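**Student:** Sequence and predicted structure, then a few things I'm wondering about:
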Amino acid sequence: MSLAPSAPLAPPLRLERARGRAEVGFVHRDGATRLDRLYQEGQAKIRLPRVHGATPPTAVLINTAGGIAGGDRLAYGATFGAGSRALVTSQAAERVYRSSATDGGRDGEIATHLVVEAGATAEWLPQETILFDGAALSRTLEVEMAADASALLVESIVFGRAASGEEVTTCRLADRWRIRRAGRLVYAETFRIDGDARAVLAGAATGGGARAVASLVWVAAGVETEIDRVRVGLDGLAVAAGASAFDGMVVARLASPSPRALRDDLVRLLLHIRRAELPRVWSC
C-alpha cells in the first residue's frame, strides 16, 4: 500500500508591519524660537503650521498609517534648545487596533524622547490615544531636562469609542513615564492593564468605572506654588480629578466614564493652566 506524499504546509502568514520615526529640534536664535532640525521616516510625519499671537512654534505629529496594530513601531523625538519655547501635539487621536494571531499577538509600540535644554520651555500635548478591544500597546515617554527648564506634559487614554457603542473587554497596556532633571530621576510611573480592562478600571482609584483617563505633569522650578491655581482649575469639572505638588512638579489626574467629558474637562484645565488657546488641531 502506497501513500501519496502530503502537500507541504503553507508558511505562516506574516503581515507587513509599519515603522515610523519623526524628530524635530528647536533653537532660540535672534530673539525667537526657530526650527533647527526635522527628520521623518516611514509613516511618521511632522508638519509645522503657521502660528500667530502668543502661540509658540508648534510641531504636529502625523501617523499616515491611520493607526497602530500589533508589531507596529512609532518613535518620536523633540529637542528644545537652550532658551527656546515650543509645543508638540498630534494631528488627531491615535488609534490602537486589535493585536491578532496573524501578527503574533505582539504589542504596538510608541516611544517618545524629549530633551529640554537650559532655560527652555517645552509642551507635550498630544491628543488622546484610543484603544480598541484586544489592543496591545507598549508606550514610553522619556524626558531629559536641564535644572532650570520647564515642561508641561499630557497623555490621555480612551478605552473604546463610547459613541460607537464599543466595549474594551480585554487589552494589554504598558504606559511608562520617566522624567530626569539635571540627570536625576525625579518621576517614574508605569500604568499597566493586562486582561479585563473594565474590571481594572472599576476601582475607586480609576474613577469607579472610567473609560477615559488622563495624566498631566508640570515640571518647573518652584512650580509647587501653582498647586492652588491648578486646583481652582479642577473645581467644577464634571470628571473625577485631583492634583498634588512635590519636588518641583505638579501632577494632576482625570478619570471619567465619558471620554467626551474627559476631553472637554482636560481642555478646560489646559486653558486654565496655560492661559492660552490650545493648538487648532485640538478643535478639528
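**Tutor:** Thanks, I have the structure now.

**Student:** Contact partners for residue 80?
**Tutor:** Taking CB atoms under 8 Å, 6 or more residues apart in numbering, we find residue 80 in contact with 26, 86, 114, 115, 116, 117, 120, 121, 122, 149. Backbone N, C-alpha and C define where each C-beta goes, glycine included.

**Student:** quick one: which of the residues you listed is nearest to residue 37?
**Tutor:** For these, the minimum distance to residue 37 (CB to CB) is 8.5 Å, reached by residue 26.

**Student:** Distance check, that closest one against residue 62.
**Tutor:** According to CB to CB, to the nearest Å, residue 26 and residue 62 sit 18 Å apart.

**Student:** Please identify which of these two sits among more neighbours.
**Tutor:** Using other CB atoms under 10 Å as the criterion, residue 26 and residue 62 rank with residue 26 on top: 26 against 17.

**Student:** Which pLDDT does the model give that one?
**Tutor:** Note on residue 26: pLDDT of 98.

**Student:** just checking, it touches residue 38?
**Tutor:** No. The criterion here is CB atoms under 8 Å, and residue 26 misses it with residue 38 at 10.2 Å.

**Student:** so how far is the lowest-mean-pLDDT helix or strand in the chain from its chain's centroid?
**Tutor:** Lowest by mean pLDDT, DSSP states H and E among the helices and strands of the chain is helix 197-200, with a mean of 84. Relative to its chain's centre, helix 197-200 lies at 21 Å (CA atoms, centre = their mean, to the nearest Å).

**Student:** pLDDT below threshold where in the stretch 1-150 of the chain?
**Tutor:** Counting by pLDDT under 70, the ranges of the stretch 1-150 of the chain that qualify are 1-15, 101-105.

**Student:** Compute the number of surrounding residues for residue 264.
**Tutor:** 15.

**Student:** SS state for it?
**Tutor:** helix (DSSP: H, G, I helix; E, B strand; the rest coil).

**Student:** Share the number of residues neighbouring the closest residue to it other than its chain neighbours, please.
**Tutor:** With sequence-adjacent residues excluded and distances taken as CB to CB, 6 or more residues apart in numbering, residue 264 is closest to residue 238, at 7.7 Å. By other CB under 10 Å, 13 other residues sit near residue 238.

**Student:** residues contacting residue 238?
**Tutor:** Counted by CB under 8 Å, 6+ apart, residue 238 has contacts 256, 258, 261, 264, 265.

**Student:** Tell me how far the fourth one lies from residue 168.
**Tutor:** Distance, residue 264 to residue 168, using CB to CB: 21 Å.
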